[in-house]
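Visitor: Structure of the sequence below:
(chains A and B)
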2 protein chains.
Amino acid sequence: MKRILIIVLATATVLCAFGADVVTSPDGRLAATISIINGHPCYSLTIDGTEVVRPSRLGLRLADGTLGADVKVAARHRDSRDEQWVQPWGEDDTVRNHYNELALDLRERGNGRLLRVVMRVYDDGLGFRYEIPKQAALGEFQIMDELTEVRLAHDAPAWSIPSNRTEYFEGLYERTPLTAKDTVCVPLTVEYEPDLFLALHEANLTDYASLNLTPRRQADGSVTLLAALTPWQSGVKVESRSGMATPWRTITVARTAGHLLLSRLTLNLNEPCRIEDTSWIEPGRYLGIWWSIHKKQNTWEMGATHGATTENVKRYIDFAARHGFAGVLAEGWNPGWAAGEQVTYLKAYPDFDIEAVCRYALDKGVRFIGHMESWGNAALIEREMDDAFAWYSQMGIRAVKTGYVGHLLDGKELAKSQYGIRHYRRVIECAARHHIMIDNHEPAMPTGLQRTWPNLMTQEGVRGQEYNAWSGDGGNPPSHTVTLPFTRGLAGPMDFTPAIFWQGDDVVPGTHPHSTLAKQLGEFVVLYSPLQMAADAIEHYQGQPAFTFIESCPTTWSRTVVPHARIGEYVTVARRERGNGGRWFVGSITNERARTLELPLDFLTPGTTYRAMIYADASEADYERDPYAMEIKQLTVTASDTLTLRLARSGGCAIRIEPIHSSR
Amino acid sequence: MKRILIIVLATATVLCAFGADVVTSPDGRLAATISIINGHPCYSLTIDGTEVVRPSRLGLRLADGTLGADVKVAARHRDSRDEQWVQPWGEDDTVRNHYNELALDLRERGNGRLLRVVMRVYDDGLGFRYEIPKQAALGEFQIMDELTEVRLAHDAPAWSIPSNRTEYFEGLYERTPLTAKDTVCVPLTVEYEPDLFLALHEANLTDYASLNLTPRRQADGSVTLLAALTPWQSGVKVESRSGMATPWRTITVARTAGHLLLSRLTLNLNEPCRIEDTSWIEPGRYLGIWWSIHKKQNTWEMGATHGATTENVKRYIDFAARHGFAGVLAEGWNPGWAAGEQVTYLKAYPDFDIEAVCRYALDKGVRFIGHMESWGNAALIEREMDDAFAWYSQMGIRAVKTGYVGHLLDGKELAKSQYGIRHYRRVIECAARHHIMIDNHEPAMPTGLQRTWPNLMTQEGVRGQEYNAWSGDGGNPPSHTVTLPFTRGLAGPMDFTPAIFWQGDDVVPGTHPHSTLAKQLGEFVVLYSPLQMAADAIEHYQGQPAFTFIESCPTTWSRTVVPHARIGEYVTVARRERGNGGRWFVGSITNERARTLELPLDFLTPGTTYRAMIYADASEADYERDPYAMEIKQLTVTASDTLTLRLARSGGCAIRIEPIHSSR
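Guide: Below you'll find the model as predicted:
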């Protein structure tokens, strides 16, 4: 019945959109239509002939009135492209950028202002944006609102977090009907039909305000998702001038949840790399003095249990060198952590000889990782970053973790406002000049900028492992990490900091990951970050059999596949390492339900014989009763084999598969 | 019935041994009697009142007739001692030397020559030897035979290898009745009663011929084990002069097989340490280019697949440094391996820069281990050793593996003859002067000399792992390593070279250890050697979870206990590391039968909480079907807990138990 109704509506649309402009995906399955309805630009989307996005309003409300009301099509531009581009790091080595584009120049009948709508349609979704060409009729302006809508033909279950001003996107993604929510953050993941998943997001957020969406149920049962831009304190959303383009508004389309993870739409809608020589950009695993602080065994500030002391960090560096880690982070290395201390990134605490430590690290093939916590003081970072990055770089530091704990930047503006977006970009560009990679905490939601600035490695903006170190709300539930890849993960790399091995209730009773040890291993593969932290204290890795998986696991890949995926229930990801090794690493994790999964190894190279090292939950493993029990198997396998994975409650499995080249 | 018979015989003995001299063990349970029977000196032994050794002949046959025929007791000396001495390395840190001694001066009625018999009785056995004091009536002499007997009151099952001139003690110890064998080597292990185990051996073999024993059934059902010394080619057994003492002939007595492993009788009957400063003697784990040669993936001689190249050995050193190994061996580093090559220990093959490699190793806290294979050319070793050891020592080498492949030393004498015994000792003493530790392959059977020369670390004289690399006779059966501790192992440390992880039939099909991976771990604890080789190629350890046990396992101990022991069936050994760590390492292994063992942890310190890391056979593990399947558990345990160990067919278990000191 519903399907029939949709077809009727679809027909209706086509009629009322007489003379409409259509652009289809290269495979012809997606068709986007731009039409002028009662003088207003609208767009709609059909997938395999079914209207999924009903005619939805386009346009902007400026301080002096709507831009894009009562328009006519002044010109049409069509373009198509099919190209491959290479990622310096990532989940695949090359990305295909294959789309058809339609750009409409819309001229206002009244004051003759020009608004361009650009629509790109890919096989895996679409993106559109507004361009406001330089024009006499329009100089500087303020965007007060976007009129942009996504009008889905019917309500559906979706995963989202509220557009909360205070949580840095660190909420738990809940599954609810779209219309059960008020304004939510993007990405917004929709199970539109059992076999049709949508992800609504934005790409290339540059000098603009972050997007949010406000769902409204319409009388006809459709659901309008209205753009809600993040404001300045003044209420203005965006300060701009003609000769600009907005970020892309994107709808990723996938027939299975797993295919959402394989879409590179967001990256494709960002600009090509602006860094000519990327050889200094080094993805890798890192360790750090971090978990021990969250577990209250060390302190950020100086004192008897100060974590970032010369001796303690050298201990971490020794361990990192022995186990092939690229970097060591030490939070609390610089003044500013004790009450009343002046924050600075230009000198270290007296008990931390940073120059000696950096030399010591370099001698062992490890790099110290800098840390700049600002407590929201973006101005301080901007004041010191040029000197700080120069100093760090000269000491051999290649990566810096930035932080913005605090609800407003500089005590006034939201991190995800245009103010914050401008700040974060300045940091990335300054870091690039100094050959510094950025791991940004308390960020705006990522939008694929790492294509343009591949020194933007990873970001937080995710409810991470540290919630398992705080008794507060009992930590992260078992379903959390099987939800993240399909929600926050679609926005870009997450510095979730997995691999907590020891669940002892040391200082803060009852606080530990709610998962088995094998699941901690699986998360190391499933939750993608090019700088991937093994987050536990090194004492808890020493002599641990399971650590042999972590220390062998790469953080950049030539190919990724997703054999199993049910949002919030379980997910399996298999990735092939870059280079000639040809090894595959598999992570499989489940929620609070134990389950058995069949894993065909058809992703392996046919005709090659491999040895699989399997780190699995043992029969008695259970995240509440025995999180440590692990069974380790070694099997000789080929592409025609199928493995049976038995996952415990909140359990997992990790597998390393190496080609058997020879006797060695 | 048997027991009654024995008592009758015992009484008889006491009667005929009228005027006999008795010396008892400190606890009074062992009583040795020396008596003169028909002019011949004899000894007997009762244990808890039961005669186990019936009156047995003492004496020597010299070229010019018997020494010790028709004697009378000229003097008696009694002595007692209770002392502790410290081992620089070993299975315990201190050893108690507690005995009662009786020495009888026996004067020949005829030519008045003096023979002294010294009997020392310990709670765990006895030792006796002959002393021939300096005397006018006797200068130089040749010993043609010993008349020494051990006359056991009845036959019994025993484990032994034939006294074969060509096998370097590399046979399989078989369980047979004593009388089913011709001449056998010592140690000879006897299950005299289900609750009474005897081990016959010798201690402090110095400038003398190695002992063998020839069993003969006597008419009364007793079994005489007659000394059979290893001859020179001339037929003479020992060239000597008055003012000498023979090695101790020892009988270790234990109520359980496990207690055989805890007896330090052989060490107590050797001389105290002759090395004043032992600080340079460093027990530890080592790796080496060895298994890959036996598996025919590398060669000893130069060529395309030469193992001991500069680059390849550096690779091993890097791995050793990362994983805390003390040394790296590389066989085939020196000329002499290809046909017609002149053997020398004073220069390296051209593709091996030994000086650079030794420096490289020292920089990383590792030491290169020298190797001197002589193919039986003892004279060559004696010619070059002083220069070679000096050179090695100066390069930082601390350990040298010597080898004597070939059936005769210098083409004429047996390795276990007085000729060989003299040679081996010269090497040990020369090495000590140069601060070199010795790992001697194709040795004479060890007799506890490491107490006097603690630079004699370990020796072969055992059917080792390499038999699993040769297709010849199918390798070592599952019962082999559960037999060795109770046989060859009683003689001293064994360089068995355990821990083969990869069972791939690479180059020599069908050749691999006949055990599970967990058993390979267990053997690393059970088979004691202060220089313990992890024998596999490093490629097979890389990324292996099980290796985390090997890389954490010490090779010298403060205490050893044996919770389970059945010769040829299963054995469990638990050892506490030296120093303050207080960690325990447990190895448990079984023969071809799977079994379940209960392990009470009562050896742990009461009141301390420990974390146990258990490396166990997984349920599907089986040495033939799946040798790799392993289950790893972490448990919190105390001294009052009991662990249930499930061992697969030819399986095992390894456990590391660490005190939980704090949150870390």
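Visitor: Can you classify residue A:576 as helix, strand or coil?
Guide: Secondary structure state of residue A:576, per DSSP: H, G, I helix; E, B strand; the rest coil, is strand.
Visitor: Quick check: which element contains the closest residue to it other than its chain neighbours?
Guide: Leaving aside its chain neighbours, residue A:576 sits nearest to residue A:559 (4.4 Å; criterion: CB to CB, 6 or more residues apart in numbering or on different chains). To be clear about C-beta, it is placed using only N, CA and C from the backbone, and glycine gets the same treatment. Element membership of residue A:559 [criterion: DSSP states H and E] is strand A:557-566.
Visitor: which outside residues touch that strand?
Guide: By CB atoms under 8 Å, 6 or more residues apart in numbering or on different chains, the residues outside strand A:557-566 that reach it are A:90-93, A:256-262, A:482, A:485-486, A:570-579, A:588, A:597, A:599-600, A:603.
Visitor: Only the buried subset of those residues, as a PyMOL command please.
Guide: Provided next is the PyMOL selection string for whichever of the contacts of strand A:557-566 are buried by 16 or more other CB atoms under 10 Å in any protein chain shown:
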select buried, chain A and resi 90+91+92+93+256+257+258+260+261+262+482+485+486+570+571+572+573+574+575+576+577+578+588+597+599+603
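Visitor: List the contacts of residue A:163.
Guide: Here residue A:163 is in contact with A:182-185, A:212, A:228, A:230 (CB under 8 Å, 6+ apart).
Visitor: So which of these is the closest to residue B:154?
Guide: residue A:185 (88.5 Å; CB to CB).
Visitor: what about the closest one, neighbour count?
Guide: Per other CB atoms under 10 Å in any protein chain shown, the neighbour tally for residue A:185 reads 26.
Visitor: Quick check: the gap between residue A:346 and residue A:372.
Guide: 10 Å (CB to CB, to the nearest Å).
Visitor: who's more crowded, those two?
Guide: Applying other CB under 10 Å to residue A:346 and residue A:372 shows that residue A:372 carries more neighbours, namely 25 against 10.
Visitor: Report the beta-bridge partners for that one.
Guide: residue A:402 (DSSP bridges).
Visitor: just checking, which of the contacts of strand A:557-566 belong to strands?
Guide: The strands, defined by DSSP state E, take in A:570-577, A:588, A:597, A:599-600 from the contacts of strand A:557-566.
Visitor: So what pairs up with residue A:617 in the strands?
Guide: Here residue A:617, judged by DSSP bridges, has bridge partners residue A:630.
Visitor: Spit out the contact partners of residue A:30.
Guide: For residue A:30, the contact set (CB under 8 Å, 6+ apart) comprises A:24, A:45-47, A:121-123, A:125-126, A:253.
Visitor: For residue A:567, see how far away it is.
Guide: According to CB to CB, residue A:30 and residue A:567 sit 22 Å apart.
Visitor: The residue of the stretch 101-250 of chain A found nearest chain B is in what secondary structure piece?
Guide: Closest residue of the stretch 101-250 of chain A to chain B, CB to the nearest CB: residue A:170 (25.7 Å). Applying DSSP H and E as the criterion places residue A:170 outside every helix and strand.
Visitor: Now it: closest residue in space that isn't a chain neighbour?
Guide: Closest to residue A:170 by CB to CB, 6+ apart is residue A:463, at 4.3 Å.
Visitor: Quick check: pLDDT value at the closest residue to residue A:261 other than its chain neighbours.
Guide: Nearest residue to residue A:261, sequence neighbours excluded (CB to CB, 6+ apart): residue A:562, at 5.1 Å. Note for residue A:562: predicted pLDDT of 98.
Visitor: Tell me, how many residues neighbour residue A:562?
Guide: 19.
Visitor: just residue A:640 next, same as before
Guide: Using other CB under 10 Å: residue A:640 sits among 11 other residues.
Visitor: and it, what helix or strand is that in?
Guide: Taking DSSP H and E as the criterion, no element holds residue A:640; it sits outside all helices and strands.
Visitor: Now the phi/psi pair for it, please.
Guide: Reported as degrees, to the nearest 10, the phi and psi values for residue A:640 are phi -90, psi 0.
Visitor: again, but for the one 4 residues further on
Guide: As for residue A:644, its main-chain torsions (degrees, to the nearest 10) stand at phi -100, psi 120.
Visitor: Check residue A:293 too.
Guide: phi -80, psi -50.
Visitor: what sits against it?
Guide: Residues near residue A:293 by CB under 8 Å, 6+ apart: A:299-300, A:307, A:331-332.
Visitor: Please apply the same query to residue A:592.
Guide: Contacts of residue A:592 by CB under 8 Å, 6+ apart are A:477-479, A:623, A:649-650.
Visitor: how about a cut-off of 7 Å?
Guide: Counting by CB atoms under 7 Å, 6 or more residues apart in numbering or on different chains, residue A:592 touches A:478-479, A:649-650.
Visitor: give me the number of residues near the spatially closest residue to it that is not a sequence neighbour?
Guide: Take residue A:592 and drop its neighbours on the chain: the residue closest to it by CB to CB, 6+ apart is residue A:478, 4.1 Å away. The local packing of residue A:478 (other CB under 10 Å) involves 22 other residues.
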